[in-house]
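Asker: After the sequence you'll find the predicted model.
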There are 2 protein chains.
Amino acid sequence: MRYELYYWPGIQGRGEYVRLALEQAGADYADVARSDRGMAAMMRMMEARSATPPFAPPFLKAGKRVIAQTANILFYLGPRHGLAPKAEAGQLWLHQLQLTVTDLVLEIHDTHHPLGPSLYYEEQRAPAKKRSAEFWKERVPKYLGYFERVLKDGGGAWLTGRRLSYVDLSLFQIVEGLRYAFPNHMTAFERGIPGLSGLHDRVAARPNIRAYLASERRIPFNEDGIFRHYKELDA
Amino acid sequence: MRYELYYWPGIQGRGEYVRLALEQAGADYADVARSDRGMAAMMRMMEARSATPPFAPPFLKAGKRVIAQTANILFYLGPRHGLAPKAEAGQLWLHQLQLTVTDLVLEIHDTHHPLGPSLYYEEQRAPAKKRSAEFWKERVPKYLGYFERVLKDGGGAWLTGRRLSYVDLSLFQIVEGLRYAFPNHMTAFERGIPGLSGLHDRVAARPNIRAYLASERRIPFNEDGIFRHYKELDA
């Protein structure tokens, strides 16, 4: 089956967590909005009266099914591609971790958009500075400290033990993104999370991921996405 | 099996979506942090080195399992208590809707905490006013308009058709909470979403929910929770 991924064509955004899973799995997929059919196809899908209409991209077409919400798409893909356990208990544990990644991603987005997603960054620079400072003081230590501890207590190479899962791919993206957006902060902070740094490198070294990152399929970070580099927020 | 729910004892918060599901199901559960064992038991659980440590409350103890993240807990409880379909496709669709509720709940929280959860409201009044204005101008119409459309297109009494699900309970809480926090805005806005207003009333009229809302188990809304009434944000 050839999957169809629908997501905004110019950014990594929330779609990137799905792309990384599809790439690691070596799955056959079209990144529809980036293809010749382009945005028109995505907008048609969003306006169509389907049985399971998405609220927003990303969404995945898998045969006749349309599945939205990043963590939900990963929950669906995981056990089908060896990126999640087969048993329910393991799947829920992995999903619990992914939903915590989701919360973190939202807080990362809010560092540059504290007044909401409908105003431009330029309209909220001062509050963005305050929110970014709080983010590094309180939130990053809480989130990344938690994942570092889970990794350490698990005692394996990957977050949930000896097998790579979609959560590892997402944590790679978190580390990579924070390095891009906040190089000063992250350089200092990463000394305290050697486990996650190592996990990042192990994900980057996987052949399918390495090939993906070197390809044109990987959209570069930019200032329209979730991870944005604004010097004034990284002082 | 007697469930144990762990959540902050003084607020409805994210735990409320789980409480509503447990109450509607008539499930046997202890709201641990509100019981004699109190907060100490919850903190012990959070510090314990378990196989599936929660990042934050709420979490549910079900036998030997510990499950965190509101939407994940509902995903687990749903099919076990007749609040979700048995088939995978239906479960993922319901979960997709619940994750959209989760996104909305975060945006509601951000109306009074745009600079982040670690500062007091009093430290962020001005940005809270701006964020609240954007919230009502852009975000509420997008979110509640979406749910209104799903309800209408489904053609049933409940969001996903003819059977009550945990998402209906969550949408009841959203309507109830927005009425509490933003009475001026919500009175005007609700005229445009007759479907969701009716759904709210149908949920409130279910015998188990009615009994719950009238009991001491239902914590009143207050200004420590997610839905807070600050007059200046509802001008």
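Answerer: Received the coordinates, thanks.
Asker: lowest-pLDDT helix or strand in chain A?
Answerer: Least confident helix or strand, chain A: helix A:38-47 with a mean of 88, by mean pLDDT, DSSP states H and E.
Asker: Touching, A:Glu134 and B:Pro114? I think so.
Answerer: No - between A:Glu134 and B:Pro114 there is no contact under Cβ atoms under 8 Å: 10.7 Å. Using the backbone N, CA and C atoms, a C-beta is placed for each residue, glycine as well.
Asker: ok, those two, which is more surrounded?
Answerer: Using other Cβ atoms under 10 Å in any protein chain shown, the more surrounded residue of A:Glu134 and B:Pro114 is B:Pro114, with 28 against 22.
Asker: which helix is the longest one in chain A?
Answerer: The residue-count maximum for a helix in chain A (DSSP state H) belongs to helix A:88-112.
Asker: packing partners for it?
Answerer: Under the contact criterion of 3 or more Cβ pairs under 8 Å, 6 or more residues apart in numbering or on different chains; DSSP states H and E, helix A:88-112 touches helix A:70-80, helix A:125-134, helix A:140-154, helix A:166-181, strand B:65-68, helix B:70-80, helix B:88-112.
Asker: In JSON lines, list the ones you listed along with mean pLDDT and distance to B:Gly26.
Answerer: Output for these, formatted as JSON lines (pLDDT from 0 to 100; distance: least, Cβ to Cβ, whole Å):
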{"stretch": "helix A:70-80", "mean pLDDT": "98", "distance to B:Gly26": "28"}
{"stretch": "helix A:125-134", "mean pLDDT": "96", "distance to B:Gly26": "42"}
{"stretch": "helix A:140-154", "mean pLDDT": "97", "distance to B:Gly26": "34"}
{"stretch": "helix A:166-181", "mean pLDDT": "98", "distance to B:Gly26": "35"}
{"stretch": "strand B:65-68", "mean pLDDT": "96", "distance to B:Gly26": "20"}
{"stretch": "helix B:70-80", "mean pLDDT": "98", "distance to B:Gly26": "12"}
{"stretch": "helix B:88-112", "mean pLDDT": "97", "distance to B:Gly26": "20"}
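Asker: if we can go back for a sec, can you state the direction angle for the longest helix of chain A and helix A:166-181?
Answerer: Angle of helix A:88-112 versus helix A:166-181, following axes from the mean of the first three to the mean of the last three Cα atoms, to 10 degrees, is 10 degrees.
Asker: list the buried ones in helix A:88-112?
Answerer: A:90-112 (16 or more other Cβ atoms under 10 Å in any protein chain shown).
Asker: Then stretch A:175-189?
Answerer: Those would be A:Val175, A:Glu176, A:Gly177, A:Leu178, A:Arg179, A:Tyr180, A:Ala181, A:Phe182, A:His185, A:Met186, for stretch A:175-189 by 16+ other Cβ under 10 Å.
Asker: per-residue confidence at the residue nearest to the first one when sequence neighbours are not counted?
Answerer: The reference is to A:Val175. Spatially, and ignoring its direct neighbours in sequence, A:Val175 is nearest to A:His200 (4.1 Å; Cβ to Cβ, 6 or more residues apart in numbering or on different chains). At A:His200, the model reports a pLDDT of 98.
Asker: Done for today, thanks.
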